[in-house]
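# when you get a sec, could you give me coordinates for this:
(chains A and B)
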Amino acid sequence: MDLEKYRRIARALAQSQQMNAALEERVRQKQSELERNFEAIQRLMREAAVAEERQRIMTDMHDGIGAHLIAALSLAEGGESSMDDIATVLHECIDDLRLAIDSLEPTENELLPALGNFRYRVEKRLRAVGVELEWRVSDLPALPCLSPHNLLQILRILQEAFANVLKHAQATRIRLETGLVREPRQVLIRVSDNGKGFPTSAAKGRGLGNMARRAGSIGGELRVLSSLDGTVVELLLPTG
Amino acid sequence: MTTVMVVEDDPAFLARFCRIIAGAPGFSLVAAVADLAPARLAIARQAPELLLTDLGLPDGSGIQLIRETARTYPGTDIMVVTIFGDEEHVLASIEAGATGYILKDSHSEELVGLIAQLRAGGSPISPVIARQLLKRFKLKGETSGQVPDPQGPAMTQRESEVLALVAKGFSFAEIAKLLQVSPHTVNAHVKKIYQKLAVHSRGEAVYEAGKMGLL
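Residues are numbered from 1 along each chain as shown, chains lettered A, B, ... in the order given. Here you go, the predicted model:
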């Protein structure tokens, strides 16, 4: 009697061991399946990141160096431009290439060294034409949005703002300020000059639409105010 | 007269630099070469007071030339000629012993201005580079706590203040005003920082070589 009982228990034990082994095997299978899926997802994500980066570089080259080189080429082929004009366009081309390279330098999301480098690049030219640059920057929080691509957009907006002052404003002073704005929390970069300003109808020719588009594309906002006392360009950037 | 030597393998740039130096008052061009080997020979014959060198030379690296010259002729000021002034190349040059850099497309007045500034004791430095230097010194300070420091002198409080302000884009004149010192003092601080970085990396090289059993 007891022997039969033991046999039943032994059979049950053996069965449950088999079942455990089968279950473990299935868990192993599922796990390796999951790992394969995970690897596939990782690979896809890497590929997507590479594709995005490739797209970014293409766009940046197209908008910057490409556009400048084509402008220089058409000046040279037209045969009516002076060497000075062509040299100017080529200088602009090298400037843009430098902005692109600067935007790739490690920033650890800090804006001020990047702005400082921009000043370092641009100041000699300002001095040469007798424009004084007032540097009024204050400490800023780190900007999580400061990827190389976004930084390049910021630098191009500033480059355009400074170029406008030099080309049109007849100013003797440019002031660059930074600050924090509340509700919503944003970082502000303000470029103002003491030049002659411009009527709103003339805004189109000064790349302002392009600047605003660039600002929008990185989640920022551009405000431009011009009066007879000068022009103020404000770039607002998200801190979140 | 400051004696100048130019090492640059692009013939057009070499000719341009030579023309600029020859035309600048107070400077005299003593040698202009395109390769590393003749540069070494020329320096051994007569070390210039100022060496302008490209980094990518046909028969070797300009970094090597900078390192050798800085070690053997500490009286020679060394400036690197670079297309972009990017952080990686400039830092490597400073660590090898250069005290400044100029961009290849600089206008002639800019170029002469930068050289004159360097000779007067100032070392031009860009904000991004300043920030990187600040980070390097900080890292070194943190890691060299217990072990005897094989890396030479640390940066002083004042030097790190100057560097932090440069990293925010302030000019030497503005920094002088903010710290209530003369612009000349700011210049001197920056040059000192350059030298310390070069000493650091030389010290490190010696330390590493010792560890590897090379010394």
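# what's the following helix or strand after the helix ranked longest in chain A?
When chain A is parsed with DSSP state H, its longest helix is helix A:2-61. Using DSSP states H and E, the next helix or strand after helix A:2-61 towards the C-terminus is helix A:67-78.
# could you give the average pLDDT over the longest helix of chain A?
Helix A:2-61 carries an average pLDDT of 90.
# stretch B:111-119 now?
82.
# residues in contact with that stretch?
Applying C-beta atoms under 8 Å, 6 or more residues apart in numbering or on different chains, the external contacts of stretch B:111-119 come out as B:2, B:4, B:17, B:20, B:24, B:26-27, B:49-50, B:52, B:77, B:79, B:99-100, B:102, B:106, B:124, B:187. Bear in mind the C-beta positions are built from the backbone N, C-alpha and C, glycine included.
# which positions in it come out as buried?
For stretch B:111-119, a neighbour-count test (16 or more other C-beta atoms under 10 Å in any protein chain shown) marks B:111-115, B:118-119 as buried.
# from the contacts of stretch B:111-119, which land in helices?
B:17, B:20, B:187.
# got these as JSON lines, with pLDDT columns?
Formatted as JSON lines, those follow (pLDDT from 0 to 100):
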{"residue": "B:F17", "pLDDT": "89"}
{"residue": "B:I20", "pLDDT": "90"}
{"residue": "B:N187", "pLDDT": "86"}
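# can you show me the CA trace of stretch B:37-51 as CSV?
Coordinates of each C-alpha in stretch B:37-51 appear next as CSV, following Å, rounded to 0.1, in the frame of the first residue of the first chain:
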residue,chain,number,x,y,z
ALA,B,37,63.7,67.5,-42.5
PRO,B,38,65.0,70.9,-43.9
ALA,B,39,63.1,72.6,-41.1
ARG,B,40,65.1,70.7,-38.5
LEU,B,41,68.3,71.5,-40.3
ALA,B,42,67.5,75.2,-40.6
ILE,B,43,66.6,75.4,-36.8
ALA,B,44,69.8,73.6,-35.9
ARG,B,45,71.8,76.1,-37.9
GLN,B,46,70.0,79.2,-36.5
ALA,B,47,67.0,78.9,-34.2
PRO,B,48,64.5,81.7,-35.0
GLU,B,49,62.8,83.8,-32.4
LEU,B,50,59.5,82.9,-34.0
LEU,B,51,58.5,79.6,-35.7
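# and A:G179, its phi and psi?
phi -170, psi 180 (degrees, to the nearest 10).
# which one is it nearest to, not counting chain neighbours?
In space, and not counting its chain neighbours, A:G179 is closest to A:L188: 4.7 Å by C-beta to C-beta, 6 or more residues apart in numbering or on different chains.
# how much space between the one you found and A:N150?
Between A:L188 and A:N150 the distance is 16 Å, computed by C-beta to C-beta, to the nearest Å.
# what do you get for A:T239?
13 Å.
# and for B:I193?
Between B:I193 and A:N150 the computed distance is 31 Å (C-beta to C-beta).
# spell out which parts of chain B neighbour chain A.
B:84-87, B:105, B:107, B:109-110, B:126-128, B:130-132, B:166-171, B:174 (C-beta under 8 Å from any C-beta of the partner chain).
# spit out the contact partners of the most centrally placed residue in chain A.
For chain A, A:N150 is the residue whose C-alpha lies nearest the centre (C-alpha atoms, centre = their mean; 0.9 Å). Residues in contact with A:N150, defined by C-beta under 8 Å, 6+ apart, are A:I218.
# ok, now B:I43?
By C-beta under 8 Å, 6+ apart, the contact set of B:I43 is B:5, B:51, B:65, B:69, B:73, B:76.
# now the helices: where do they sit in chain B?
B:11-23, B:36-45, B:62-72, B:87-96, B:108-119, B:127-143, B:157-167, B:172-179, B:183-211.
# got a pLDDT number for the closest residue in space to A:F162 that isn't next to it in sequence?
Residue nearest to A:F162 in three dimensions, not counting chain neighbours: A:V122, with 5.9 Å by C-beta to C-beta, 6+ apart. On the pLDDT scale, A:V122 is placed at 87.
# same thing with B:V81?
Reading off the model, B:V81 has pLDDT 89.
# tally of neighbours for it?
Neighbourhood size, B:V81 [other C-beta atoms under 10 Å in any protein chain shown]: 23.
# the one 3 residues further on now?
For B:F84, the number of neighbouring residues by other C-beta under 10 Å comes to 17.
# these two touch, right, it and A:R98?
Yes: at 6.1 Å, B:F84 counts as touching A:R98 under the criterion of C-beta atoms under 8 Å.
# count the neighbours of B:T76 for me.
Neighbours of B:T76 (other C-beta under 10 Å): 19.
# repeat for B:A120
B:A120 has 9 nearby residues by other C-beta under 10 Å.
# doesn't the residue nearest to A:G179 belong to a strand?
Yes: counting by DSSP: H, G, I helix; E, B strand; the rest coil, A:L188 is part of a strand.
# distance of it relative to chain B?
Separation of A:L188 from chain B (C-beta to the nearest C-beta, to the nearest Å): 16 Å.
# where does chain B dip in pLDDT?
B:121-124, B:138-153, B:199-215 (pLDDT under 70).
# next: chain A.
The low-confidence ranges in chain A, as defined by pLDDT under 70, are A:1, A:202-205.
# outline the domain layout of chain A.
A:1-104, A:110-240 (automatic domain parsing).
# just put those domains in a markdown table and tack on distance to B:L36.
Listed next are these as a markdown table, based on distance: least, C-beta to C-beta, whole Å:
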| stretch | distance to B:L36 |
| --- | --- |
| domain A:1-104 | 26 |
| domain A:110-240 | 30 |
